[in-house]
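[1] What would the 3D arrangement of this be:
(one chain, ligands or ions: 1)
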Amino acid sequence: MEEIFNIVEIFYSIEGEGSFVGYPTVFVRLEGCNLRCEWCDTTYSYDGKTFKQLSLKKIIEEIKKYRTKRVCITGGEPLLTKNVDTLIKAVVKEGYYLIIETNGTVFNNRVEEALKSVYPNFYLVVSPKPEVKYNINQSLLKYINEFKFVVDEYITLKDILKYESLYKLKPLILQPERNKKEFIKKALKLQEELLKKDIEARVIPQCQKFMGLM
Ligand code: SF4
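    The predicted model follows:
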């Protein structure tokens, strides 16, 4: 049976956030999210009407229109999509390096099996969210490559330190909400506080927004 996905958009841009900032990337945005973050800038990804149904074959065809080596599966919350495991496997099978952006709350056996089967050709970025007190599904922890926290008016040092033991091994990114000056200042302050605990965080704004890109 043909695999069908609810796709909000597939587009080519540069990676604007996190460790791969600046690299040409194709983004596949899946529909749906289980959270409702106050400052969400992709609310159209879960409004229930801004998507089309595409087959796996069609998605791969769209991706292949661009000469990039990187594909980012994002959302919404991409791991909510029931058959996302088949998309993960197919993208990597086509020779792409796969970046997955998740809020870290959703995980299941199918996703785990897919991640194991494509290891090490993926990079899992988890952005813990205030709505769920920055909690992450414990089974996902060992597959995380990078932590990214949005620095908003509420986040505290204690929230970030929730995963303290992992920051020696995985990059920790602080991303000021909507690149606002007050949150850039707060992120730099948090960076300083983290350094006192020998944790080196990187402050990286949403570069695509500075450049007026998607
Ligand atoms: S998890 Fe992401 S997509 Fe979902 S509401 Fe929060 S910011 Fe928006």
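[2] Distance check, residue 191 against residue 129.
    Between residue 191 and residue 129 the computed distance is 20 Å (Cβ to Cβ, to the nearest Å). Bear in mind the C-beta positions are built from the backbone N, C-alpha and C, glycine included.
[3] in the lengthiest helix in the chain, what's buried?
    Secondary structure of the chain per DSSP state H: the longest helix is helix 181-195. Buried residues in helix 181-195, counted by 16 or more other Cβ atoms under 10 Å: 183, 184, 186, 187, 190, 191, 194.
[4] Would you mind naming the residues that pair with residue 13 in a beta bridge?
    Beta-bridge partners for residue 13, by DSSP bridges, are residue 25.
[5] dump the residue contacts of the residue nearest to residue 69 when sequence neighbours are not counted.
    Of all residues beyond its chain neighbours, the one nearest residue 69 is residue 97 (5.7 Å), with distances taken as Cβ to Cβ, 6 or more residues apart in numbering. Contact partners of residue 97, counting by Cβ atoms under 8 Å, 6 or more residues apart in numbering, are 69, 70, 71, 121, 122, 123.
[6] let's go with 6 Å and repeat that
    Applying Cβ atoms under 6 Å, 6 or more residues apart in numbering, we find residue 97 in contact with 69, 70, 121.
[7] Columns pLDDT and secondary structure on top of these, output as TSV?
    Shown next, in TSV, are the contacts of residue 97 (pLDDT from 0 to 100; DSSP: H, G, I helix; E, B strand; the rest coil):
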residue	pLDDT	secondary structure
69	94	coil
70	97	strand
121	97	coil
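[8] Buried among these? Make that a ChimeraX selection.
    Buried subset of those, written as a ChimeraX selection, criterion 16+ other Cβ under 10 Å:
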select :70
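[9] residue contacts, residue 199?
    residue 167 are the contacts of residue 199 under Cβ under 6 Å, 6+ apart.
[10] Same question for residue 137.
    Counting by Cβ under 6 Å, 6+ apart, residue 137 touches 105, 107.
[11] Any chance of the backbone angles for it?
    phi -60, psi 120 (degrees, to the nearest 10).
[12] quick one: the strands in this protein?
    With DSSP state E, the ranges of strands along the chain come out as 4-14, 24-30, 52-55, 70-74, 97-102, 122-126, 146-151, 172-176, 202-203.
[13] any chance of the ones you listed in a markdown table, with distance to residue 139 too?
    A markdown table is the format used below for the strands of the chain (distance: least, Cβ to Cβ, whole Å):
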| stretch | distance to residue 139 |
| --- | --- |
| strand 4-14 | 23 |
| strand 24-30 | 20 |
| strand 52-55 | 29 |
| strand 70-74 | 19 |
| strand 97-102 | 13 |
| strand 122-126 | 12 |
| strand 146-151 | 16 |
| strand 172-176 | 21 |
| strand 202-203 | 26 |
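[14] Dig out what the residue nearest to residue 69 forms beta bridges with.
    According to DSSP bridges, the residues that bridge with residue 97 are residue 70.
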